[in-house]
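1. Just a sequence and a predicted model for now, questions to come.
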Amino acid sequence: MSHSAVIVTGQGFQDHDVVFTYYRLLEEGWHVDIATKNGDATIGKYGVPLPMDKTARPLIAYEDLAVEMYDAVILTGGHEAPDRVRQVRGVLDFVAGMAEAGKVVAGLCHGPWIMVSAGVLRGRKACAYIGLRDDVVNAGAEVVESDVVVDGNIITCSYYGYMGTFMRAVFETAQKIAEKDGS
């Protein structure tokens, strides 16, 4: 079965996060969209452009996000991008809708800031980048010292150095959900 994911990001994204997650999803045969404000091209904090290469699909706008289109949403870090993204009500509604539908909601480094604002961490176990820990606690999550935490369909990763483990958790969780749903 083919899976689909969307990476939601914005200006000043953490380049490592977007590059690694994007190409790992493609490597596993997933359909991948990247959503930015108005679907506009943007650049990461270290200069990586979106779209990343000439084979990449066009970026999509936040307004085009729809829960029924994806199996997973990946929320990447970089201080600036998640702070900008979490100010967009439509994105927060989309992330909350993904969580409520039992689909994978995965955030790494500062990406869980968006999860905090979407209200999907209350009562969940999560890990957090040190600078984000208080926000995750204040959002009602139990913070666990770990590289990656999976709590049902919610996945958190504390630092981009653990992206290999993070992406394995995304693939395993999506597979479990698909098997449970019989698809």
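-> Noted; the coordinates are in hand.
2. Next up, the contacts around the nearest residue to L65 once chain neighbours are set aside.
-> Of all residues beyond its chain neighbours, the one nearest L65 is F94 (4.2 Å), with distances taken as CB to CB, 6 or more residues apart in numbering. The way it works is simple: take the backbone N, C-alpha and C, and place the C-beta from them, glycine included. Each residue near F94 by CB atoms under 8 Å, 6 or more residues apart in numbering is listed here: 8, 62, 65-67, 73.
3. Relative to G44, which of these is nearest.
-> V8 (14.1 Å; CB to CB).
4. Backbone dihedrals for that closest one, both of them.
-> In terms of degrees, to the nearest 10, the main-chain angles of V8 are phi -110, psi 120.
5. what's the answer for F166, then?
-> Dihedral angles for F166 - degrees, to the nearest 10 - are phi -60, psi -50.
6. so it makes contact with V148?
-> Yes: F166 lies in contact with V148 (CB atoms under 8 Å); the separation is 5.1 Å.
7. Separate out the buried members of the contacts of F94.
-> With neighbours counted by 16 or more other CB atoms under 10 Å, the contacts of F94 contain buried members at 8, 62, 65, 67, 73.
8. Helix, strand, or coil at A5?
-> Here A5 is recorded as strand under DSSP: H, G, I helix; E, B strand; the rest coil.
9. Spit out the contact partners of it.
-> Here A5 is in contact with 25, 30-33, 70-74, 104, 170 (criterion: CB under 8 Å, 6+ apart).
10. again, but for D151
-> 124-126.
11. one more time with 6 Å
-> D151 makes contact with 124-125, according to CB atoms under 6 Å, 6 or more residues apart in numbering.
12. next one: D15
-> 44, 46, 48.
13. And it, its phi and psi?
-> With angles defined as degrees, to the nearest 10, D15 sits at phi -60, psi -40.
14. Identify the residue spatially nearest to it, adjacent ones excluded.
-> G44 (3.6 Å).
15. Quick check: the gap between the one you found and T173.
-> 26 Å (CB to CB, to the nearest Å).
16. Contacts for stretch 101-119 next, please.
-> For stretch 101-119, using CB under 6 Å, 6+ apart, the contacting residues are 14, 17, 67, 71-77, 79, 82, 85-86, 92, 95-96, 98-99, 120-121, 129, 132, 135, 139, 153-157, 160, 166, 170, 173-174.
17. Of the contacts of D15, keep whichever come out buried.
-> G44.
18. Tell me which of the contacts of D15 fall in strands.
-> Among those, no member falls in strands (criterion: DSSP state E).
19. got JSON lines for the contacts of D15, with pLDDT too?
-> Shown next, in JSON lines, are the contacts of D15 (pLDDT from 0 to 100):
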{"residue": "G44", "pLDDT": "96"}
{"residue": "Y46", "pLDDT": "96"}
{"residue": "V48", "pLDDT": "96"}
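20. a markdown table please, covering the contacts of D15 and showing distance to N38.
-> What follows is the contacts of D15, written out as a markdown table (distance: CB to CB, whole Å):
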| residue | distance to N38 |
| --- | --- |
| G44 | 17 |
| Y46 | 23 |
| V48 | 19 |
